[in-house]
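In: quick one, fold the following:
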Amino acid sequence: MFLIDKNAELTPAFIGKCLAQFQTAEIPQLNRFWKYYKGSQKIMQKKATDVGKPNNKIVVNYCYNITHNYLGYLTGIPIKYTNENFDEVIDILNYNDVANEDSELLRQALIFGRSFEVNYIDEDAKQRFRVLDSRECVPIYDNSLNNDLLYVIRFFREDVLDKLNENYIVEVYGPETIKTYRSAPGFMSFELVNEEVHYYGQCPVTVFKLNSDEESIFAQIMTLQDGYNQLVSDEVDDFDAFCDAYLVLKGVVAEEEDLINMKKNKVLMMDPDASAEYLTKTVSDIQVTNILNNFNEQIHKISNSPDFSDEKFMAQSGIAMRYKLIGFENAASAIESNMRKALQRRIELISSILNITNEEQMWRDVTIKFTRNLPNTLVPASAQDINAYRGLVSDYTLLEQIPFVTNVDEEMKKLADEKKEAMELYPFNNQKEEIEEEEVNE
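Out: Residues are numbered from 1 along each chain as shown. A predicted model of the protein is given here:
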């Protein structure tokens, strides 16, 4: 973590120091996380021990599966945003395809341990927000006990296609301005290219920390991942070696040309006392299977990510499945708590621009609701559960509990319209009033 006094100036010298240290200390690990997620893992460096020996490199990518288990569980059903008082914030969220952005914000955090999102105003004066590459962002915090975010430095190659141009563009997002520099490799000198004022009142970049250690969701199982890949690859090597085993001929005298003809014609010419057999390595399939199963169990146990392909898991009742999901749910709840803070800050940044003309803090009125992506038999908000609370809480709150209701305000309006239409079809009260009025006149 890079710290600075909140009253101190963020000088180019300090920026260069942070970037140099980030490239040395953090970039290698972040790139390693990315490679494991994409399947470029340690097994790909495997070399054959003997010339001509099989050298398979098999990747069973648990890192990818674990990432997408959590991603689907938390954002497979889009996060729901509701606001009873202000439609502006919700309109801006929808304009930015918020479901896709939420998913990408979480995906980056799951892979790298943290993710970044910048708020900005586009050419059409529309409020926008976009997820940044976590490998290009360096957060700077103040050195108080709160560790408030002061700056975010974003750096990237000026022209990745031009190999001769190794310069970097460095953007510094601060509480009042966004400064853009050009720097040579090493970050020893900086040329100020542009400086513009923004009106967010704070750094316009949000940092979403997956956990306190800012580690990838699969960081703890990477060595198990390597062991699994190694064992599977060696097993396939042994199978290939069996298929290409040495042929041992006993009591046979043959020239090289004779052996070539035997192989070509697939016929062995042997004396009555001669024999032939393959020389192979004895492998215990049961032992290998047990080791692989142990690897699989430990990977899912440590990552708290269920093995949804397990037949025993799928055959369980709803209650039994809930118990199996306790570890997964606990980990997901911790992630949700951290993500909620990031989403609230996003809304706060959006509202800060709207508040230029509206002094009310409308961001506090936005409700953020996560819905677990579970089979219908496991969804807690069943019709029976909801009806049990009817009369104890408002209809608005009840509708919020239904996963397929994405816009509560619109649903409430539809209900009101339907009731009005029903009253018009059956105007009993109006008829009663007319009869009473006629009796009075008589």
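
In: so V248 lies in a strand, does it not?
Out: Yes. Checked against DSSP: H, G, I helix; E, B strand; the rest coil, V248 lies within a strand.

In: and the longest helix along the chain, which residues are buried?
Out: Counting by DSSP state H, the longest helix found in the chain is helix 326-354. Using 16 or more other CB atoms under 10 Å as the burial criterion, the residues of helix 326-354 that qualify are 327-329, 331-332, 335-336, 339, 342-343, 345-354. For every residue, glycine as well, the C-beta is placed using N, CA and C.

In: list the contacts for R182?
Out: 158, 167-170, 190-191, 193 (CB atoms under 8 Å, 6 or more residues apart in numbering).

In: V138 versus the closest residue to it other than its chain neighbours, what's the distance?
Out: Using CB to CB, 6 or more residues apart in numbering and skipping the chain neighbours, the partner closest in space to R182 is E191 (4.6 Å). To V138, E191 is 19 Å away according to CB to CB, to the nearest Å.

In: need the strands for the stretch 151-300 of the chain, in chain order.
Out: Listed in chain order, the strands of the stretch 151-300 of the chain (DSSP state E, counting those that start in this stretch) span residues 168-173, 177-183, 190-197, 205-209, 246-250, 275-279.

In: quick check: mean pLDDT across the third one?
Out: When pLDDT is averaged along strand 190-197, the result is 96.

In: and that strand, how far out from the chain's middle?
Out: Distance, stretch centre to chain centre, for strand 190-197: 33 Å (CA atoms, centre = their mean, to the nearest Å).

In: buried ones in it?
Out: F190.

In: each with direction, which strands does that strand pair with?
Out: Paired strands of strand 190-197, with direction, are strand 177-183 (antiparallel) (DSSP bridges).

In: extract the C-alpha trace of the partner strand and format it as PDB.
Out: The C-alpha atoms that make up strand 177-183 are tabulated as PDB, following Å, rounded to 0.1, in the frame of the first residue of the first chain:
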ATOM      1  CA  THR A 177      -8.000  17.400 -11.200                       C
ATOM      2  CA  ILE A 178      -6.900  14.700 -13.700                       C
ATOM      3  CA  LYS A 179      -3.200  15.200 -14.800                       C
ATOM      4  CA  THR A 180      -1.800  13.400 -17.800                       C
ATOM      5  CA  TYR A 181       1.900  12.900 -18.200                       C
ATOM      6  CA  ARG A 182       4.200  11.200 -20.700                       C
ATOM      7  CA  SER A 183       7.100   9.200 -19.300                       C
END
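
In: so which bits of that strand are buried?
Out: Buried, per 16+ other CB under 10 Å, within strand 177-183: 178-179, 181, 183.

In: re the thing from before, can you name every helix or strand that the longest helix of the chain contacts?
Out: helix 62-75, helix 88-95, helix 98-112, strand 114-121, strand 127-132, strand 205-209, strand 367-369 (3 or more CB pairs under 8 Å, 6 or more residues apart in numbering; DSSP states H and E).

In: and the next element down the chain from the fifth one?
Out: The helix or strand immediately downstream of strand 127-132 is strand 137-142, counting by DSSP states H and E.

In: show the average pLDDT along that next one.
Out: 96.

In: same for it, what does it pack against?
Out: strand 2-4, helix 12-25, strand 149-157, strand 205-209.

In: what lines up beside that strand in the sheet?
Out: strand 2-4 (parallel), strand 149-157 (antiparallel).

In: what's the burial count for E101?
Out: 18 (other CB atoms under 10 Å).

In: roughly how far does it sit from D91?
Out: Taken as CB to CB, the span from E101 to D91 is 15 Å.

In: over to M222?
Out: In this view, M222 and D91 are 43 Å apart by CB to CB.

In: these two: who's more crowded?
Out: A direct count of neighbours by other CB under 10 Å for M222 and D91 places M222 higher, at 18 against 12.
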